[in-house]
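# build me a model:
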Amino acid sequence: MTTTTQPAVAPVAEQTTGLGRAIQTAARMPRSIPVLITLALIWAVFYSQSHFYLSFGNLTNLTLQIVTTAILSLGIVFVLLVGEIDLSSAALSGVCAAVAGTFVVIHGMPLAVGIVAAVAFGMLVTFIEALVISFGVPSLIVTLGGMVILQGLILVVLPEEFTISIAGTPLALLASTTIPAGASYVLAALGSLAFAGYRLFQHRERMSTGSQTSLVRNVVVPSVVAAVGLFAVVFVLSRQRGLPLPVLILAVMLLVAWYWTTQTRYGTHLYAVGGDREAAQRAGIPVRRMVLYSFLVLGACAAVAGMVDSSRQLGVSVSSGAGPLMLKSEYMAGRDGQRRGAGWYGHVGYSFTPRLTVIARRDVFDPDVDRETTLADARERDWVGGFTYDLAPYNARLQMNYLAKTFASGIATSRGLLLTNLQVAW
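Predicted coordinates:
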């Protein structure tokens, strides 16, 4: 009996296309590289439309607009790290700005009192939300309800005019204060030296543990890149009047957040809760407390973002924290006895001024999805367009909408309605 041994067949090399190699190369890049490439492409497109886009003045204005979103996003990151979500943070920032404006502008209190009151209010709201979430209610539901409540609460906090002008007040100094160019370059130099010292400290720690490390790759190159970036930012933003104070506020908040999340036990627990909540609970980590801490951080960040944004816009109004564009949509379905109904709506609103808002809405509702025989069970499709105008001196609101109503299957004729509504509060 003879046995024949087949020679091992070498695996066929996987054929990789040019696109596949590009994707593999991009996957090995640092995560910031694709973001920077995309940003450069966006800049190139806008610069091709207007050469003013990359001017020093416009870049400064863009930076001030980004700072508000960045501060608010920083707080949201803490909530996302523990596996939760918050939909009320933007509305909360507007209410906190209204609280600060009420204390500083209307009641004439010092700026410090207004800042403390706004931050305390923001943390109180997120504390209440976190308590409700700790009882098992999904954060999506809790914060969605909180957003609706805060959108109404800002109308209560604001005066009868539904706006607070902060021009010429101490609150306006948050966005208008600038740091002289000389001091800005000193701060950039100190930041560069601190970063280089930290990288050198990490390098020595790795050497002491026998880990493979390179002085050039891990210390020199990152330090040079960071220094060039810092001095470039200071050079661009200091060409007008100096480095804007909100940029320094954001930098300090980012530095504190980095230290908390990477150099403390709190940061270790934060990532542990977000990675596996059940395992973190078994390891003795106070999961509920970590969720509470994350929402408190978000409350403070929302307050700071709201005050910086109101200082930049020199006012607080009903659109603060929400922006001029408002989008809403909802789907509903249910059963009433033998009838099964369903419907949805989409709502788009744009505030041209704090008092004037234009809206467009699409409504679809079917009281009985199984039959289309009579007007009572016919599917209805509506288009609504109109405006809302606040008559602040009279504590009233005027609404005018045009409604185009149609029915499925031709059960009833289409018709249009002009709806006028006058609301008066006393």
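# when you work out contacts or count neighbours from here on, use the C-alpha atoms and nothing else.
Noted.
# look up the closest residue to Asp351, ignoring the ones flanking it.
Just so we're on the same page, residue 351 is Ser rather than Asp. Nearest-residue entry for Ser351: Thr357, 4.2 Å, with adjacent residues in sequence omitted and distances by C-alpha to C-alpha, 6 or more residues apart in numbering.
# kindly report the same for Ala333.
Closest to Ala333 by C-alpha to C-alpha, 6+ apart is Ala342, at 4.1 Å.
# ok, now Ser89?
Nearest non-adjacent residue to Ser89, counting by C-alpha to C-alpha, 6+ apart: Ala302, 6.1 Å away.
# equivalent analysis for Ala118, please.
Cys96 (4.8 Å).
# that's a strand at that neighbour, yeah?
No. Assessed by DSSP: H, G, I helix; E, B strand; the rest coil, Cys96 does not belong to a strand; its assignment is helix.
# that one against Met123, yeah?
No. Cys96 is beyond contact range of Met123, at 9.9 Å (criterion: C-alpha atoms under 8 Å).
# okay, the two: which has more neighbours?
Each of Cys96 and Met123 has its neighbours counted (other C-alpha atoms under 10 Å); Cys96 has more, 35 against 24.
# so who does the more buried one touch?
By C-alpha atoms under 8 Å, 6 or more residues apart in numbering, Cys96 lies in contact with Ala118, Val119, Phe121, Gly122, Ala302, Ala303, Gly306, Met307.
# and these, which are buried?
Ala118, Val119, Phe121, Gly122, Ala302, Ala303, Gly306, Met307 (16 or more other C-alpha atoms under 10 Å).
# by contact count, what packs against the host helix or strand of Leu255?
In this structure, Leu255 sits in helix 245-263 according to DSSP states H and E. If you count contacts as 3 or more C-alpha pairs under 8 Å, 6 or more residues apart in numbering; DSSP states H and E, helix 245-263 packs onto helix 56-81, helix 173-176, helix 265-275.
# ok, residues contacting stretch 293-301?
Applying C-alpha under 8 Å, 6+ apart, the set of residues contacting stretch 293-301 from outside is 71-72, 74-76, 78-79, 82, 89, 92, 119-127, 130.
# could you report the neighbour count for the nearest residue to Leu131 once chain neighbours are set aside?
Using C-alpha to C-alpha, 6+ apart and skipping the chain neighbours, the partner closest in space to Leu131 is Leu292 (7.4 Å). If you count neighbours by other C-alpha under 10 Å, Leu292 ends up with 21.
# before we move on, what's the pLDDT of Leu292?
Looking at Leu292, its pLDDT is 92.
# burial count for the residue nearest to Ala333?
16.
# cool, the one 4 residues further on as well?
Residues lying near Gly346 (other C-alpha under 10 Å) number 14.
# element containing it?
Secondary structure assigned from DSSP H and E places Gly346 in strand 339-351.
# quick one: list the elements packing against the helix or strand following that strand.
Counting by DSSP H and E, the next helix or strand C-terminal to strand 339-351 is strand 356-366. Packing contacts for strand 356-366, counted by 3+ C-alpha pairs under 8 Å, 6+ apart, involve strand 339-351, strand 380-391.
# what is the longest one packed up against?
The helices and strands touching strand 339-351, judged by 3+ C-alpha pairs under 8 Å, 6+ apart, are strand 325-336, strand 356-366.
# that one vs strand 356-366, what angle?
Using axes from the mean of the first three to the mean of the last three C-alpha atoms, to 10 degrees, the inter-axis angle of strand 339-351 relative to strand 356-366 is 170 degrees.
# pull out the buried positions in stretch 38-57.
Judged by neighbour count (16+ other C-alpha under 10 Å), stretch 38-57 contains these buried residues: Tyr53, Phe56, Gly57.
# enumerate every residue touching the second one.
When contacts are counted by C-alpha under 8 Å, 6+ apart, Phe56 touches Val236, Leu237, Arg239, Gln240.
# pLDDT value on the most centrally placed residue in the chain, please?
Among the residues of the chain, the one closest to the centroid is Ser73, at 4.6 Å (C-alpha atoms, centre = their mean). On pLDDT, Ser73 comes in at 87.
# pull up the gap between it and Leu250, please.
Counting by C-alpha to C-alpha, to the nearest Å, the gap from Ser73 to Leu250 is 11 Å.
# among the buried ones among the contacts of Cys96, which are located in strands?
Among the buried ones among the contacts of Cys96, DSSP state E puts none in strands.
# walk me through the domains of the chain.
Using automatic domain parsing, the domain ranges for the chain come out as 24-317, 325-424.
# single out the most deeply packed of these.
Mean neighbours per residue, mean count of other C-alpha atoms under 10 Å, is largest over these for domain 24-317, with a mean of 18.
# tell me how far it is from the chain's mean position?
Its chain's C-alpha centre and that of domain 24-317 lie 10 Å apart, by C-alpha atoms, centre = their mean, to the nearest Å.
# leaving out chain neighbours, which residue sits closest to Pro180?
Nearest non-adjacent residue to Pro180, counting by C-alpha to C-alpha, 6+ apart: Gly242, 4.9 Å away.
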